[in-house]
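Peer 1: pasting the sequence and the predicted model now:
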Amino acid sequence: MTRWLGWGRRGTAGAAIPVSLGFEGVTQRFGGVTALDDVSLKVAPGEVIALLGHSGCGKTTLLRLAAGVERPSAGRVLLEGRDVASADAFVEPEERGVGLVFQDYALFPHLSVRENVRFGLRGYSDAQADATALRAIARVGLADLAEAYPHMLSGGEQQRVALARAVAPRPGVLLMDEPFSNLDRRLRDTVRDETMALLDEIGATSIIVTHDPEDAMRIADRIVLMRQGRIVQIGTGEELYRKPVSLFAARFFCDLTEIDGTVVRGAVDTPIGRFPANGLAEGAAAVVCVRPQGVRLVPRGFCLPGRVVARRFLGEVDDLQIAVDGLDKPLTARFAQPGSVREGEDVGLDISTDEVLVFPSGDT
Ligand SMILES: Nc1ncnc2c1ncn2[C@@H]1O[C@H](COP(=O)(O)OP(=O)(O)OP(=O)(O)O)[C@@H](O)[C@H]1O
């Protein structure tokens, strides 16, 4: 990896002219499957969007529609306000000025790194194409591997070739499908940070597909959370984390302990206490979700009693599982410095309402 680190010379990859990208009421059906269901989204020029969701929710389909690899069953795709895919119009992929990085990188095995990167460069003389390709290859730190073939490269290096190929023509829009998912964890952090530095440099409007909420929070200006072909929520990482619109969205971003309760006299009654009802009607069934950092240990006495049933060292924090009377499952708590607390020990607990979310039951 050291080859790429320290290669952050600004301007070497060339800046793009970012364009806006829009989806208006886009639906995509494959036989009986509705992959996208009336999706609308506006991406501003230069904005970085993370498309987040579980497998099969339609992320790749949305990317393929933007790239022009698919045509929508209904709705429109717009680039800089121009209709590029609809019932009335279709602009071919190569005419869109859109760069694409596939999940498996899709490098041509029989072409060298230089030839792979040159491949996407149309309308250049041979000398210009070579010079542009080599510049992009150098930008991702692979100058000394320009004549190597894909099978000679590590996964991280292949990802960088795919990235160089996508950015070499200076696309106004860059689309990346799970670009980090084939990399092991340590490599992935470095490649992700370097990729984001490159995106920042070229300034292209970008959509990055991921199913990892941490990746999404680290890379994106805004996250678009999807489920079953629909958009669930759009916002910054902090907005989605702090104010998830549903239990589904909340679960995506945090390891929650979920506790069933009922609204009684304006608050949700649960075995661990009463919590603000968040506008739910009297008598409604609710789910109270406690974030791990919302559980604090306090001296035993006039507080909620619990017993530590498991303690796991996770590096920066310790994970404690704490059994409480009336709960079917232990509460999850995380502490940077849990002190000397041991498994089997009785403890006092305080639940911070700031770290509690309340949703109607069945709101998944
Ligand atoms: N060409 C196709 N023919 C038939 N069904 C398809 C086709 N492409 C996608 N689908 C279906 O559409 C749905 C959405 O698929 P899509 O690949 O967009 O999801 P995804 O969120 O990208 O999933 P993953 O994270 O697993 O890549 C899935 O049910 C999938 O099986």
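Peer 2: Nice, I can see it. Numbering: from 1, shown residues only.
Peer 1: the helix or strand hosting residue 64: what's the following helix or strand?
Peer 2: Using DSSP states H and E, residue 64 maps to helix 59-67. Of the helices and strands lying after helix 59-67 in sequence (DSSP H and E), the nearest is strand 74-79.
Peer 1: and the helix or strand following that next one, what's buried?
Peer 2: As assigned by DSSP H and E, the chain's next helix or strand after strand 74-79 is strand 82-85. Residues of strand 82-85 classed as buried: 83, 84, 85 (neighbour count, 16 or more other C-beta atoms under 10 Å). Using the backbone N, CA and C atoms, a C-beta is placed for each residue, glycine as well.
Peer 1: for those residues, which one is nearest residue 133?
Peer 2: Nearest to residue 133, judged by C-beta to C-beta, of the buried residues of strand 82-85 is residue 84 at 26.4 Å.
Peer 1: just give the closest residue to the closest one, not the sequence neighbours.
Peer 2: Closest residue to residue 84 apart from its sequence neighbours, by C-beta to C-beta, 6 or more residues apart in numbering: residue 91 at 4.1 Å.
Peer 1: contact partners for the one you found?
Peer 2: Residues in contact with residue 91 (C-beta atoms under 8 Å, 6 or more residues apart in numbering) are 68, 79, 82, 84, 85.
Peer 1: so which elements touch the helix holding residue 64?
Peer 2: strand 21-30, strand 33-43, strand 48-52, strand 98-101, strand 173-177, strand 205-210 (3 or more C-beta pairs under 8 Å, 6 or more residues apart in numbering; DSSP states H and E).
Peer 1: could you identify which of those strands has the lowest mean pLDDT?
Peer 2: Confidence, taken as mean pLDDT, is least for strand 98-101 of these (a mean of 90).
Peer 1: so what strands line up beside that one?
Peer 2: Under the criterion DSSP bridges, strand 98-101 sits next to strand 173-177 (parallel) in its sheet.
Peer 1: could you figure out how far the strand it pairs with is turned away from helix 59-67?
Peer 2: 150 degrees (axes from the mean of the first three to the mean of the last three C-alpha atoms, to 10 degrees).
Peer 1: show me the contact partners of strand 173-177.
Peer 2: 16, 18-19, 21, 59-60, 63, 66-67, 79, 96-103, 163, 166-167, 195, 199, 202, 204-209.
Peer 1: let's see it at 6 Å
Peer 2: 21, 60, 63, 66-67, 98-103, 204-209 (C-beta atoms under 6 Å, 6 or more residues apart in numbering).
Peer 1: identify the residues contacting residue 288.
Peer 2: Here residue 288 is in contact with 259, 261, 268, 270, 275, 358 (criterion: C-beta under 6 Å, 6+ apart).
Peer 1: find the nearest non-adjacent residue to the last one, please.
Peer 2: Translated: residue 358. Using C-beta to C-beta, 6+ apart, the nearest residue to residue 358 is residue 278, at 4.1 Å.
Peer 1: next: the fourth one.
Peer 2: Closest residue in space to residue 270, ignoring its immediate chain neighbours: residue 261 at 3.8 Å, by C-beta to C-beta, 6+ apart.
Peer 1: return the residues in contact with the one you found.
Peer 2: Neighbours of residue 261 in contact, by C-beta under 6 Å, 6+ apart: 268, 269, 270, 286, 288.
Peer 1: phi, psi for residue 132 please.
Peer 2: phi -70, psi -40 (degrees, to the nearest 10).
Peer 1: list the contacts of it.
Peer 2: Contacts of residue 132 (C-beta under 6 Å, 6+ apart): 121, 168.
Peer 1: thanks again, I'm all set now.
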